[in-house]
Structure formats: structure tokens, C-alpha cells
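need coordinates for the following:
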Amino acid sequence: MSRSRLATRAVLSAGAVVVLAGGLLAAGAAFGGPTGSPATQPAASAPAAAAPDQLTTGIAKLQDQLRRVPQDDAAWAELGAGYVQQARVTADPTLYAKADGAFAESLRLRPDANGAALAGQASLAAARHEFAQAVELCDRALAVNAYSAAALAVKVDGLVELGRYADSRTVLNRLLQLHPGIDAFSRASYALELQGDVDGARAALERALGVAQAPADRAFAQYYLGELAWNSGDVASAARSYDAAVASDPAYVPPLTGRAKAEAARGDVDGALADYRAAVARQPQPGTLVELGELLEASGRTAEADQQYAVVRATQQLYAASGQVVDAELALFEADHGEPAEAVRLAQRAHQARPRSIVAQDAYAWALHAAGRDREALPLARAAVRTGLHSASLSYHLGVVEEAVGHVPAARKALSRALGLNPTWNPLQAPKARTLLDSLS
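Model (predicted):
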């Protein structure tokens, strides 16, 4: 609903990617380089890699190969990776069990020095939001092959999601040194975005777009360029990037949701609803379902909105039944549209698992606010904005909590930042932020 340093300086590749002490990657012309998603996104960024039909064909070929040569441990690991990717593309979490079985079979056939299967298990753990387990599996995979691009990339993601931002930058630096390509540039962009360096993040995305060959990878970079523009309130630039992503790869669903946001911001509610419905018909991600429901609610169509919210709960239950941890995402949803006590229970569990993560801190703070426990929420809400990420939602949550405890100047500052970043970021929350800010003036 849910996306991605250092002690030494290094110049990487002909494109002059620069990693600086204390920060990550010099911005501007020196760094030609997708960005991760906003803080509400659960998973760190990763290129789209393959269209759905290509994935289906590749999986079918691997299945046929394994029928003929069932002892091929490498093919089992590759099949597991295919299932993880297919689950991401189709939003079908039941595929995780198939991936789990394929990786287990690969390790049964080759229990020692099977770095590919361990890296695959790490990617599966990350997909299920078991980030501590993902990092541990990456370490095991890197003990087998210290140069594994897959293990390094997933480790960066896992450390980011755990809130271990400095550690993630260290691993990212190594990934950039060893494998300077779209996977590395995408994670570099998110790291820069987390620090509030939008120019650097955009440069990283442009670098990723420059090296992207597959239509899906180009669409991925263009979509996140749109997200960067959206998070900074530049609706026109965001819309152009979303449209470019749709043109690059019509099978890639996220740009449809981006285009819907931009249409809603410009007052084209019918166009936005059409794009949202097309997106959820193809890929029923809970985050997209929530956005559709909130636009319906803001348009006065509460019965239809309630139907979407019911689908959100059912979808989240499906994810949970398939082993994916959705505590933080569901806590935010319950805080806004459900039961505050349940929101607190879920958010507390998410925070216990990831106490340093700004995603978990924000979810816990907002759940506590919904339950009327604002003084407990305040330090968490403040911690959630500490990295400088351009997120209107995080700033709005902080402003509401600051106002609830009587800190009027701090509330005005946070609410002004939210509306300054993007005055149309959410069809329900943005008007509430404006009303509250006006009342404080």
C-alpha cells in the first residue's frame, strides 16, 4: 500500500556514479540515475523484469525441463524465482507456496553451497515482508557467493524495510560497485529519496531509464519518475511520466494507478475511476483498492466505497493466509476506515518487528491517534519523518497528532509541509489537512 550510502568514495562506470561519505550518490549532472515507492509502499523497488506472458512462458519451460530432468537443482531455484516474480506481477500470493516448494527442492538436491536457492528464499521472505529473515538468508547466500547481485539487492531492500538505513547504504555501495545497472540504480534512487534528495533520486531514475532495455524496465523507471514528481506536487510532470510508462509497457499495471491519481487531482473523476477499475481488474493490489475506495468516498459514493473496503479486507486476509505479513498496511487501513483497537494491535506488532522503520513508526503513530492516544503517538510520528522523505501523508499524520496534543505551531508547520509537497495527494486527507490548517490560522 506499500518502496529504496558511504564511508568511502568511489566512481563507478562510465556514467560517473559517485558514492560519498555520509550520504549516497552525488546528485546532479555527475550522477546520471528508479526510485522506491513512498513510505506507504511496503516493498522496496525492483524492476518489472518481465511481462506476464513472458513469465508464464518461462515458467512453463522450466516445468517441462524439470519433468525431464528432475534432479536439476539450478532449474528448481530458477522456477522458484519465477513464481515469486509471477506473484508480484499478478498479485496472487498463493504462488508463494509454489515458490517455497521449488526452493526447498533445490536445497534438498544441493544442500551445500546453493547460493541461488538461498537468494531465492531471501526474495520470497522479502515478498512476504519477513525482512529480518530475508537479510539472514541473504547473508547465507553471500557466504556462498559474495558477488551475488540478487542477494545484495534483496539485502538492501530488507535493511531498508527494517529501518537500518545506514547499513542498507553500505550494502548498496557494494551493489553499485559490482553490478552498476538498473537494479542498483533503482535502489540508489530510493535511498536518495528517503534522504529527501529528490534531484539525486530523479537523476538515478534517469540513469536507470538510460540503461533499461526491456519495455517493462523502461516502464518501471518512467512510473517511478512519475511518483517522484507526484510526491513533489508536480502533477503535470507526473502525468507525462505515467503516460510514457503506459506506452512503454501496457502490461505493467502501476502506471494506470498513477494516471488515475493525476486525473483525480485535475478533476477528472470519471477518468480516474475508469483507470483505477482497470488496474484492480488486472492486479487487485490492496493499496490500489484503497485508493479507489477513497476516491469513491470523496465523491459521495459511500456504498461503492464500502464495497471496495470490504474487498481490501478480503484481499489482505488472502495475503496473510499465504504467509505475507501485512500488519503495517492493514493497520493504516483500519485506522482510516475500520476499528482503531484493531489498528493499534496490528501496528504494535509491525513496530515490534521493525522498530526503526519509518513505515512501521508511521502506522503505529496513526493507529494510536485513531484510538485517542496522541501523546503516545507523538514521538513515533516525529520519528517517521526524520529521514526527510517527501511524503505528504507522513507530514499530515504528524500535523494531526501535533494539533491533538496542543502543539499548534508544530501542527501548522507539518500541515503546511504536507500541502506544500502535494496539495492533492489524497482525496480524503488533503481536504482535511486544509480545513485543519485553516482552523489553526
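
what separates residue 260 from residue 246, distance-wise?
Residue 260 sits 11 Å away from residue 246, taking CB to CB, to the nearest Å as the criterion. From N, CA and C alone the C-beta is placed, and that goes for glycine too.

neighbour count winner among the two?
Remark: of residue 260 and residue 246, residue 260 carries more neighbours, 26 against 21, as counted by other CB atoms under 10 Å.

for this structure, which helix is longest?
helix 302-321 (DSSP state H).

tell me which residues of the helix or strand that that one is followed by are tucked away?
Tracing the chain past helix 302-321, the next element assigned as helix or strand by DSSP states H and E is helix 327-337. Of the residues in helix 327-337, 327, 328, 329, 330, 331, 332, 333, 334, 335, 336, 337 count as buried by neighbour count, 16 or more other CB atoms under 10 Å.

hang on, the last one packs against residue 309?
Put plainly, it is residue 337. Yes - contact criterion CB atoms under 8 Å: residue 337 and residue 309 qualify, at 5.3 Å.

overlap in contacts, those two.
Contact with both residue 337 and residue 309 is made by residues 290, 293, according to CB atoms under 8 Å, 6 or more residues apart in numbering.

for residue 74, see how far away residue 232 is.
Per CB to CB, residue 232 is found 44 Å from residue 74.

comparing those two, which shows the higher neighbour count?
Between residue 232 and residue 74, counted using other CB under 10 Å, the more crowded position is residue 232 (17 against 13).

OK, contacts around that one?
Residues counted as contacts of residue 232 (CB under 8 Å, 6+ apart) are 198, 390, 421, 422.

got the angle for the longest helix of the chain vs helix 327-337?
Interaxial angle, helix 302-321 versus helix 327-337 (axes from the mean of the first three to the mean of the last three CA atoms, to 10 degrees): 160 degrees.

show me how far helix 302-321 is from its chain's centre.
Chain-centre distance of helix 302-321: 20 Å, with CA atoms, centre = their mean, to the nearest Å.

list of residues touching it?
With CB under 8 Å, 6+ apart, helix 302-321 has contacts from 93-94, 284-286, 289-290, 292-294, 296-297, 326, 329-330, 333, 337-338.

same thing but at 6 Å, please
Outside of helix 302-321, the residues within contact range by CB atoms under 6 Å, 6 or more residues apart in numbering are 93, 284, 286, 289, 290, 292, 293, 296, 297, 326, 330, 337.

mind putting those residues in a markdown table, secondary structure included?
Output for the contacts of helix 302-321, formatted as a markdown table (DSSP: H, G, I helix; E, B strand; the rest coil):
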| residue | secondary structure |
| --- | --- |
| 93 | coil |
| 284 | coil |
| 286 | helix |
| 289 | helix |
| 290 | helix |
| 292 | helix |
| 293 | helix |
| 296 | helix |
| 297 | helix |
| 326 | coil |
| 330 | helix |
| 337 | helix |
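
among the residues you listed, which pair sits farthest apart?
In terms of CB to CB, the contacts of helix 302-321 reach their longest pairwise distance at 93 and 297, which sit 26.3 Å apart.

touching, residue 205 and residue 223? I think so.
No - in this structure, residue 205 sits apart from residue 223 without contact. The criterion is CB atoms under 6 Å, and the distance is 9.6 Å.
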